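Novice: what follows is a predicted structure for the sequence shown.
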Amino acid sequence: MRIRATAAAVTVSGALALTALAVPAAQADDNWSGAGTAKESLVELVQKHAPSGEADKSARALASDPSQAYALDVKFSKVSVNKGKPLVAGTSAKGSVPVSYTVTYGADQGIWADDFMIGINLYWAAADDSDGNFLGTGISHCQDVSAGVANCTSTLTYDPKTQLMNSDAGAKWNVEGLAIAPNGQNLNSANVNWSKVGVAEQFGVAKKAAFQRYSKLTTNAAPEPVKKGSTLTVTGSLVRANWDTNKYMGYTKQKVSLQFRAKTAGSYSTIKTVTSDTKGNLKTTVKSSVDGYFRYKFAGTSTTPAATSPIDFVDVR
């Protein structure tokens, strides 16, 4: 089972007076069912990667049954991940998007403790649990806006080289808020007293988030210059990031618009629709008429963002 995971986020500054506890990112074991509940997955990640040291091997079993944890009085609202826009990644550069949310909290003293953790998680799972992924925000910064209410901001960072695969693309990522108040319990210990640990998990706090594989287009019109009335061949290619190989690969059987703008005109017009071949290549012919600019334009799909090629100017003589 392929699961890549990043530990969920952690906490905060400002009038809410919560201190930070950094939980580093890590790739989960192959047999870790990280697509399960966030309560289960976050607890396991914290156990394995908390700064106090490596987890006790016997602590792993505890992660599957945190049912004794009490309900922490924390509620999430107004959650925004990248302002509702898709998260796009190429093949190598890390991506980073803003996350904001509001929390309403009660009088539980665990909320004010140094070990309190809060953040937003993104996750998805296949119906048969054979595939899935889990990502969490970094340190949150919260500021009280009224009694028991704070606005929080954070950042979600993702690395296509280590955290994403092609199956992660699409609007499939559930968004949840999660807070944990260990109340002094060492989550690395095999002797965690879960009755003293507070957990608040809130599913569906925002619409599903989408990841998209970055796409690129090229255009080349030839010959140049060209005699008026002669045939121009316009080639190009449509590629997108392959997160399984960390290379760009041709995006096949996609409809792409060939657009033209005369040298004296102010806007482009679509003159043909071309379908990419089995390697993502584009090729068509047009009759030359006036000087102008050619470009290919791709509208995008649910898994791939729109793309527009650089222009190619043709001198008609």
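Specialist: Perfect, I can see it now.
Novice: below-threshold pLDDT in the stretch 101-250 of the chain: ranges please.
Specialist: Across the stretch 101-250 of the chain, not a single residue meets the criterion (pLDDT under 70).
Novice: at 80 what do you get?
Specialist: For the stretch 101-250 of the chain, the stretches flagged by pLDDT under 80 are 187-190.
Novice: that one: strands as residue ranges?
Specialist: In the stretch 101-250 of the chain, the strands defined using DSSP state E, counting those that start in this stretch lie at 117-125, 131-136, 141-146, 149-158, 170-181, 198-203, 209-213, 215-222, 231-242, 247-250.
Novice: what about residue 287, how many residues nearby?
Specialist: As a burial measure, residue 287 scores 10 neighbours (other C-beta atoms under 10 Å). Bear in mind the C-beta positions are built from the backbone N, C-alpha and C, glycine included.
Novice: quick one: it and residue 227 touch, right?
Specialist: No - Residue 287 is beyond contact range of residue 227, at 10.8 Å (criterion: C-beta atoms under 8 Å).
Novice: JSON lines for the strands of the stretch 101-250 of the chain, including distance to residue 305?
Specialist: Converted to JSON lines, those look like this (distance: least, C-beta to C-beta, whole Å):
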{"stretch": "strand 117-125", "distance to residue 305": "18"}
{"stretch": "strand 131-136", "distance to residue 305": "19"}
{"stretch": "strand 141-146", "distance to residue 305": "29"}
{"stretch": "strand 149-158", "distance to residue 305": "15"}
{"stretch": "strand 170-181", "distance to residue 305": "12"}
{"stretch": "strand 198-203", "distance to residue 305": "27"}
{"stretch": "strand 209-213", "distance to residue 305": "5"}
{"stretch": "strand 215-222", "distance to residue 305": "6"}
{"stretch": "strand 231-242", "distance to residue 305": "9"}
{"stretch": "strand 247-250", "distance to residue 305": "14"}
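Novice: redo the ones you listed as a markdown table? Include distance to residue 79 and mean neighbour count.
Specialist: Below are the strands of the stretch 101-250 of the chain laid out as a markdown table (distance: least, C-beta to C-beta, whole Å; neighbours: other C-beta atoms under 10 Å):
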| stretch | distance to residue 79 | mean neighbour count |
| --- | --- | --- |
| strand 117-125 | 6 | 25 |
| strand 131-136 | 13 | 24 |
| strand 141-146 | 13 | 14 |
| strand 149-158 | 10 | 20 |
| strand 170-181 | 6 | 23 |
| strand 198-203 | 9 | 20 |
| strand 209-213 | 10 | 24 |
| strand 215-222 | 28 | 19 |
| strand 231-242 | 27 | 21 |
| strand 247-250 | 33 | 16 |
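Novice: to residue 273, which of those lies closest?
Specialist: Checking the strands of the stretch 101-250 of the chain against residue 273 by C-beta to C-beta gives strand 231-242 as the closest, at 12.5 Å.
Novice: extract the C-alpha set from that closest one and format it as CSV.
Specialist: The C-alpha coordinates for strand 231-242 follow below in CSV (Å, rounded to 0.1, in the frame of the first residue of the first chain):
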residue,chain,number,x,y,z
THR,A,231,1.2,26.6,-46.3
LEU,A,232,2.5,26.9,-42.7
THR,A,233,3.0,23.9,-40.5
VAL,A,234,2.4,24.7,-36.8
THR,A,235,3.9,22.1,-34.4
GLY,A,236,4.1,22.0,-30.7
SER,A,237,3.9,19.7,-27.7
LEU,A,238,1.8,19.4,-24.6
VAL,A,239,3.5,17.9,-21.5
ARG,A,240,2.6,17.6,-17.9
ALA,A,241,4.4,16.6,-14.7
ASN,A,242,4.6,12.9,-14.0
